[in-house]
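sharing a model that was predicted from the sequence below.
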Amino acid sequence: ARHAAARRSERDLVALEEALAAMGRTRGDAEMAAGADTAFHRALFRATGNDLLARFDLLLEPGLRERDRLVHTHRQGDDPVPSHRAVLDAVRDADPERAHAAMTELLEKAGADAEAVTGGAATGAAAAHGG
């Protein structure tokens with residue numbers, strides 16, 4: 001998120017906004033929620049302008065999708081939009097430190113959600129993802 005805030009383009013911001021809007025339309029559909037979340041993070045990776053990070057998304061996507069399906073299936077009342085909005089707002093404002101802080105908070109919450117759903121089995125996965 002820090003690098004995306006420093007390097008993002010208008011096209012990147014549009015992709016992030018579209019993914020965030022899709023998140024808001026999921027209405028408890030775990031598959032749609034997983035797809036929207038993956039699209040957001042893919043757009044964030046691309047916004048870094050770093051080809052290696054953009055490709056790294058391909059490695060993370062299966063794990064992100066599975067985590068999202070699991071969490072959204074068992075914790076349908078949670079709204080992921082505010083935490084993702086905080087990341088997007090910081091990226092839009094070209095504020096790398098705020099973007100980093102917002103992403104850290106988002107990943108910590110994602111890790112805690114996965115841990116709550118799996119009874120702690122997801123702790124290693126969250127740590128590997130940076131959460």
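Perfect, I can see it now.

show me what counts as buried in stretch 44-61.
Applying a neighbour-count criterion of 16 or more other CB atoms under 10 Å, one finds 44-48, 54, 57, 60 buried in stretch 44-61. (Glycine included, C-beta is placed from N, CA and C.)

ok, residues contacting it?
Contacts of stretch 44-61 with the rest of the structure, by CB atoms under 8 Å, 6 or more residues apart in numbering, involve 1, 3-4, 7-9, 12-13, 15-16, 38, 41-42, 87, 91, 129.

7 Å instead, please
Surrounding stretch 44-61, the residues in contact under the criterion CB atoms under 7 Å, 6 or more residues apart in numbering are 1, 3-4, 7-8, 12, 16, 38, 41-42, 91, 129.

now do the residue nearest the centre of the chain, the pLDDT please.
Centroid-nearest residue in the chain, with CA atoms, centre = their mean: His41, separated by 4.5 Å. Per-residue pLDDT puts His41 at 92.

for it, what are its contacts?
When contacts are counted by CB under 7 Å, 6+ apart, His41 touches 57, 64.

can you tell me the element it falls in?
His41 is part of helix 30-47, with elements assigned from DSSP states H and E.
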